[in-house]
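Enquirer: Okay, here's the prediction I keep looking at, along with the sequence it came from:
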Amino acid sequence: MLINNETIIKDTDPLIREKSDPVSLPLSAEDEQLLREMFQYVQDSTDEEKAKKFNLRPAVGISAIQVGVRKQLTAVIVDDYDKNGNPVKYQYMLANPKIVSSSVQKAYLNAGEGCLSVVAPHEGHVIRSARVTVKGFDLIQNKNITIRARGYLAIVLQHELDHFKGTLFYDYIDPENPEKTVDGAMVI
Ligand code: CO
């Protein structure tokens with residue numbers, strides 16, 4: 001499948017609001033290939049030369065509905081820091097990931113979120129959980145995994161998993177008070 005800024009489903013297409021179904025495991029050859037292509041997109045999208053050449057918009061994640069497939073598949077590459085402040089690259093090719101627990105503490109990106117499927121600017125805080133535990137099958141490690149994510153990674157995972165429900169980041173922005181904050185929230 002050709003995945004680029006042209007072929008990615010935008011929020012002007014009602015398909016982006018549809019729910020995605022779990023896939024069967026072990027992954028079919030077709031699902032595995034799609035997940036690898038999605039991962040490749042995310043990887044290539046942050047390579048300036050490739051992004052320009054292949055019309056890729058930089059991204060940290062992509063979900064299958066964004067390429068028109070209603071399946072619970074998502075690929076994520078997040079550069080962050082671990083709790084000791086060392087740089088770390090979190091990479092996942094997930095099938096059927098589920099949030100099994102969420103912190104009471106909230107977090108949001110001060111600059112707001114973006115999405116490959118959203119062209120128009122939507123400024124404002126998207127208030128999410130600061131920590132989530134996600135369980136699912138990861139094709140990179142080729143096994144079921146548990147991700148204990150905090151901060152930026154937690155936000156990216158919540159954003160991507162929302163795509164399975166047809167939810168977009170700006171659904172959470174309070175139109176009355178887009179820059180609203182929450183006591184004790186982690187600001188990233
Ligand atoms: Co998105």
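Expert: Cool, got the structure. What you see is a predicted model; the values in this text were computed from it and never measured.

Enquirer: quick one: the strands in the protein?
Expert: 61-63, 73-81, 87-102, 106-108, 128-129, 131-138, 143-150, 186-187 (DSSP state E).

Enquirer: tell me the most buried of those strands?
Expert: strand 61-63 (a mean of 26; mean count of other Cβ atoms under 10 Å). Where C-beta positions appear, they are placed from N, C-alpha and C, glycine not excepted.

Enquirer: Tabulate the strands of the chain in JSON lines, adding columns for mean pLDDT and distance to residue 54.
Expert: Listed next are the strands of the chain as JSON lines, based on pLDDT from 0 to 100; distance: least, Cβ to Cβ, whole Å:
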{"stretch": "strand 61-63", "mean pLDDT": "98", "distance to residue 54": "14"}
{"stretch": "strand 73-81", "mean pLDDT": "96", "distance to residue 54": "16"}
{"stretch": "strand 87-102", "mean pLDDT": "97", "distance to residue 54": "20"}
{"stretch": "strand 106-108", "mean pLDDT": "98", "distance to residue 54": "31"}
{"stretch": "strand 128-129", "mean pLDDT": "98", "distance to residue 54": "31"}
{"stretch": "strand 131-138", "mean pLDDT": "98", "distance to residue 54": "26"}
{"stretch": "strand 143-150", "mean pLDDT": "97", "distance to residue 54": "29"}
{"stretch": "strand 186-187", "mean pLDDT": "97", "distance to residue 54": "34"}
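
Enquirer: got a markdown table for those strands, with distance to residue 28 too?
Expert: Shown next, in a markdown table, are the strands of the chain (distance: least, Cβ to Cβ, whole Å):
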| stretch | distance to residue 28 |
| --- | --- |
| strand 61-63 | 18 |
| strand 73-81 | 11 |
| strand 87-102 | 10 |
| strand 106-108 | 35 |
| strand 128-129 | 32 |
| strand 131-138 | 13 |
| strand 143-150 | 17 |
| strand 186-187 | 38 |
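
Enquirer: These: which one's closest to residue 169?
Expert: Proximity to residue 169 (Cβ to Cβ) singles out strand 128-129 among those, at 9.1 Å.

Enquirer: any low-confidence regions in this structure?
Expert: In the prediction, the chain carries no residues with pLDDT under 70.

Enquirer: Geometric centre of it: which residue is closest?
Expert: residue 160 (2.9 Å; Cα atoms, centre = their mean).

Enquirer: does that residue really touch residue 59, like I thought?
Expert: No: look at residue 160 against residue 59 with Cβ atoms under 8 Å: they stay out of range, at 10.1 Å.

Enquirer: from memory residue 70 sits against residue 64, does it?
Expert: Yes: assessed by Cβ under 8 Å, residue 70 is found in contact with residue 64 at 7.2 Å.
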